[in-house]
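**Student:** heads up, no residue letters with this:
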């Protein structure tokens, strides 16, 4: 998802490379203005250099060769930033830090040159079939500091030390900007440029006056997403820049549209300095240009995140969108894990360049661990349980705030899942679940579904009747719909059970030896000893090969599908209030200059990874 983003101070990009799954460079872009600054810095620090650094950018072929060489050198556990006995001095894994999975270094060798030159920091982001490499501008002193980390004898930095990789990166805000660029480019080349969703709730919270106002602007009583505004594609004297239409600009009809990518890069980061990563803004400006009538007030400066001024009926919408991450193990020795991440999506259809302020409530209850705001926002004051927020809203839907919080209520679904194989091709299972225990109105569970995946086995028949809901099967899964849409669960908890048996087609034996020969496991790759291989699970490529054998690709996306498939996945949606306790105080919302604009608030809670883990280790 691409949102409006202001770059950290001093962020400049030297080069961008995009490689395909065959490790060939399919797109590259260099910024000579930034590169001139790098060469000047190298020349001014030449007498202080203690390590060989790469003073110029490599060719695409040299970079592709270096990237492929790193993949071979940093394979398996070493690719996760873990130093092993056969890690190479000077390699990323020698630093012994998981950060090197995402911020990598490449050693570039040119023909006729004996010494290899270090290119760092390269931001690595994998999206779809592509690997995106972003090289931000840093000082030579920082590159030399990393080169020293790659060659010191100790294994990582001791706790409390200030000379580790993390402390080095704290001095490099350009790395943060490079990550934002990498994610934006990844979304564009795979067609994932989606606006944050803002929902019109079914239950207005302001009363009769609000109902009459929202009715007059066409907001129905049913909850529905609001489309982001897009300027007309055929501007005329009668067209209003920034007017609302039903369709948002979408990429994705062709993967890696180079013309669209070039337009985005040249517009969002002219001369290598990132300004605005909002793809909707970029494409709208390119399509419509600017009108002489679309000018801000003389005494106000128009921000980059609002290139067009809104014209039309005015309103404000806030949506709190939370995702619960949970894993329930049903084992005394392994504690359940549960947390919540959320964001406040906003849409402010307001004319001119007004400022909006409100109080964010529930901070003490939510036990917030991480809190970040959109660049347009300012935090004015903070009490024990409230925080004052003021912002100058962009055009259209945007993410005003993101947060992570500890979870106090406990999971909305508790219970256990048991599965035992009574024969080679038949298994008996039992679910016993409690839904919404401890949850009270206005929290409502709109739907709840439990899925049992069996990617390695084909289901022939299912025998069993749940106490509540309906059951359906496919070739490789069983789906139990406990709460269906239209029959929500509010203000009470229920206990549900589902005993049954499942019969599979005859088991197809897969020999490990054939898998090993098929996926190129060689004796010198991670060949320390069998115990070390076991401690690092198995070679990553070998494991992926085993998973791929005979399985549909979609099954590989399941979060727990590694060596065993003994779990059940829970999907649900809760509306009515945030489960973290975070809320926008509706009485505190004010707009300056004052304007009469109806406001609406809604909340949605989803599960991202909600799983009941079975204790057996057999792969069914």
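**Tutor:** Cool, the structure landed. The structure presented is a predicted model; accordingly, all values stated were derived computationally and were not measured.
**Student:** list the buried residues in stretch 427-435.
**Tutor:** 427, 428, 429, 431, 432, 433, 434, 435 (16 or more other CB atoms under 10 Å). Yep, even glycine has a C-beta here, placed from its N, CA and C like the rest.
**Student:** and the pLDDT at the closest residue to residue 271 other than its chain neighbours?
**Tutor:** Residue nearest to residue 271 in three dimensions, not counting chain neighbours: residue 33, with 4.5 Å by CB to CB, 6 or more residues apart in numbering. For residue 33, the model assigns a pLDDT of 93.
**Student:** ok, residue 575 next?
**Tutor:** Reading off the model, residue 575 has pLDDT 86.
**Student:** now do the one 5 residues further on
**Tutor:** Among the per-residue scores, residue 580 holds a pLDDT of 87.
**Student:** SS state for it?
**Tutor:** Applying DSSP: H, G, I helix; E, B strand; the rest coil to residue 580 yields a three-state assignment of coil.
**Student:** what about it, neighbour count?
**Tutor:** The tally of other residues near residue 580 (other CB atoms under 10 Å) stands at 27.
**Student:** against residue 360, how distant is it?
**Tutor:** Here residue 580 is placed at a distance of 12 Å from residue 360 (CB to CB, to the nearest Å).
**Student:** now do residue 372
**Tutor:** Counting by CB to CB, the gap from residue 372 to residue 360 is 13 Å.
**Student:** do residue 152 as well
**Tutor:** Taking CB to CB, one finds residue 152 at 45 Å from residue 360.
**Student:** those two: which has the busier surroundings?
**Tutor:** Of the pair residue 152 and residue 360, residue 360 is the one with more neighbours under other CB under 10 Å, namely 25 against 13.
**Student:** in contact with the more buried one, which residues?
**Tutor:** 386, 387, 388, 389, 401, 582, 583, 584, 585 (CB atoms under 8 Å, 6 or more residues apart in numbering).
**Student:** residue 94: which of the residues you listed is nearest?
**Tutor:** residue 401 (38.9 Å; CB to CB).
**Student:** could you pull up the mean pLDDT of the helix or strand hosting residue 398?
**Tutor:** For residue 398, the element it lies in under DSSP states H and E is strand 397-406. Across strand 397-406, the average pLDDT comes to 89.
**Student:** with stretch 409-418 instead?
**Tutor:** Across stretch 409-418, pLDDT averages out at 83.
**Student:** on that earlier part again, turn the contacts of residue 360 into CSV, including distance to residue 198.
**Tutor:** CSV is the format used below for those (distance: CB to CB, whole Å):
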residue, distance to residue 198
386, 23
387, 21
388, 22
389, 17
401, 14
582, 16
583, 16
584, 13
585, 19
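**Student:** mind listing which of these are in strands?
**Tutor:** Within these, residues falling in strands by DSSP state E are 386, 387, 388, 389, 401, 583, 584.
**Student:** find the residue ranges of the stretch 201-350 of the chain scoring beneath the pLDDT cut-off.
**Tutor:** Applying pLDDT under 70 to the stretch 201-350 of the chain flags the ranges 201-256, 291-294.
**Student:** what segments of it are helices?
**Tutor:** 208-216, 258-268, 279-288 (DSSP state H, counting those that start in this stretch).
**Student:** switch those over to JSON lines; also include mean neighbour count and distance to residue 298.
**Tutor:** Formatted as JSON lines, these follow (neighbours: other CB atoms under 10 Å; distance: least, CB to CB, whole Å):
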{"stretch": "helix 208-216", "mean neighbour count": "13", "distance to residue 298": "31"}
{"stretch": "helix 258-268", "mean neighbour count": "17", "distance to residue 298": "26"}
{"stretch": "helix 279-288", "mean neighbour count": "20", "distance to residue 298": "22"}
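**Student:** how about the ones you listed, which one is nearest residue 503?
**Tutor:** Residue 503 sits nearest to helix 279-288 of all those, at 49.7 Å, using CB to CB.
**Student:** elements contacting the closest one?
**Tutor:** Where contact means 3 or more CB pairs under 8 Å, 6 or more residues apart in numbering; DSSP states H and E, helix 279-288 is packed against helix 173-190, helix 258-268.
**Student:** from the ones in strands among the contacts of residue 360, pick the one nearest residue 175.
**Tutor:** residue 401 (22.8 Å).
**Student:** how far away is the closest one from residue 345?
**Tutor:** In terms of CB to CB, residue 401 sits 9 Å off from residue 345.
**Student:** ditto for residue 120
**Tutor:** The gap separating residue 120 from residue 345 is 36 Å, by CB to CB.
**Student:** so for these two, which sits in the more crowded spot?
**Tutor:** Neighbours were counted for residue 120 and for residue 345 using other CB under 10 Å; residue 345 has more, 24 against 21.
**Student:** for that one, which residues are in contact?
**Tutor:** Residue 345 neighbours (CB under 8 Å, 6+ apart): 196, 197, 198, 318, 319, 320, 321, 397, 398, 399, 400.
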